[in-house]
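Colleague: sequence and predicted structure, then a few things I'm wondering about:
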Amino acid sequence: MQELKDRIKNDGQVIGTSILKVDSFLNHQIDPEFIMRMGREFAQRFSAEGVTKVLTVEASGIAVAMAAALALKVPVVFAKKKPALTQQGALYSAEVYSFTRQESVHITVEKQYLSSQDVVLIIDDFLAHGEALCGLACIVKQAGARLAGAGIVIEKRFQGGAEKLREDGIRIESLAAIEYMEPGIIKFAE
Ligand code: G4P
């Protein structure tokens, strides 16, 4: 998506060689109209799949997931990272290790919100090592639902997560894929 690549070039800040800061439109401040255009792009790419639910994990994935779900006219479910007092039903759960934060979190979804009747589109803001996507795919599997694929705003291809998951047969659509970056330089994959 050319608009996203331009926005990353103009507003993104590369920290070291592996972290891209895009707080001005995605991870801190949110640009709602831009997020809606991204949501519509995902909806269009997965329009033939018969998606019934969009699934993401809190927090930054929620805005884009909602935009995609709105365009697809389906509900969005977000996995929780901390147990909540309101979660009283049976849960699907998966362990997700974050390389960025160097800690594991246990993500959960109440069973009543995903079933074997569902066709699920996973949406997330970043795909780095693929841990979050792998955990979400595991939850879809536990539900017996069909995974239509994953829509990712920014794929950091050089971290290998997408390649591994594509080899496992998961369809991954990224709006921008970065091959290499360092401060002042961002090289997108074609
Ligand atoms: P992985 O899920 O692909 O394995 O990635 P990783 O463990 O490295 O990512 C952990 C968290 O860091 C995720 O957010 C992910 O979205 C975010 N992240 C990864 N790479 C970048 C990056 O280059 N820039 C930014 N801004 N974020 C990145 P999270 O912990 O779930 O946090 P949040 O969704 O609550 O913000």
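Modeller: Looks like it arrived, so ask away.

Colleague: tell me the residues of this structure that contact the ligand?
Modeller: 19-22, 27, 57, 59-61, 98-101, 125-132, 156, 161 (Cβ under 6 Å from any ligand atom). Every residue, glycine included, has its C-beta placed from N, CA and C.

Colleague: tell me which of the residues you listed fall in strands.
Modeller: 19, 20, 21, 57, 98, 125, 126, 127, 156 (DSSP state E).

Colleague: not counting residues beside it along the chain, what's closest to the second one?
Modeller: Meaning residue 20. Once flanking residues are discounted, residue 20 sits nearest to residue 12: 5.3 Å by Cβ to Cβ, 6 or more residues apart in numbering.

Colleague: check contacts around that neighbour.
Modeller: Listed by Cβ atoms under 8 Å, 6 or more residues apart in numbering, the contact set of residue 12 reads 20, 21, 22, 186.

Colleague: among the residues of the chain next to the ligand, which ones are buried?
Modeller: If you count burial by 16 or more other Cβ atoms under 10 Å, the buried members of the residues of the chain next to the ligand come out as 20, 22, 27, 57, 60-61, 125-132, 156, 161.

Colleague: bridging residues for the residue nearest the centre of the chain?
Modeller: By Cα atoms, centre = their mean, the chain has its centre lying nearest to residue 124, at 1.2 Å. Applying DSSP bridges to residue 124 gives these bridge partners: residue 152.

Colleague: parallel or antiparallel, list what pairs with the helix or strand harbouring residue 55.
Modeller: Assigned by DSSP states H and E, residue 55 belongs to strand 53-57. With DSSP bridges as the test, strand 53-57 is paired with strand 76-79 (parallel), strand 119-127 (parallel).

Colleague: can you list contacts of that strand?
Modeller: 62, 64-66, 68-69, 72, 74-79, 81, 96, 107, 109, 113-114, 118-124, 132, 135-136, 139-140, 145.

Colleague: about what we covered before: mean pLDDT and distance to residue 89 for the strands paired with strand 53-57 - can I get that in a markdown table?
Modeller: Shown next, in a markdown table, are the strands paired with strand 53-57 (pLDDT from 0 to 100; distance: least, Cβ to Cβ, whole Å):
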| stretch | mean pLDDT | distance to residue 89 |
| --- | --- | --- |
| strand 76-79 | 98 | 13 |
| strand 119-127 | 98 | 18 |
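
Colleague: and these: which comes nearest residue 2?
Modeller: Ranking the strands paired with strand 53-57 by proximity to residue 2 (Cβ to Cβ) places strand 119-127 first, at 18.6 Å.

Colleague: my read: residue 154 touches residue 176, true?
Modeller: Yes: in this structure, residue 154 is within contact of residue 176 by Cβ atoms under 8 Å, at 5.3 Å.

Colleague: run a quick neighbour tally on residue 94.
Modeller: Residues lying near residue 94 (other Cβ atoms under 10 Å) number 22.
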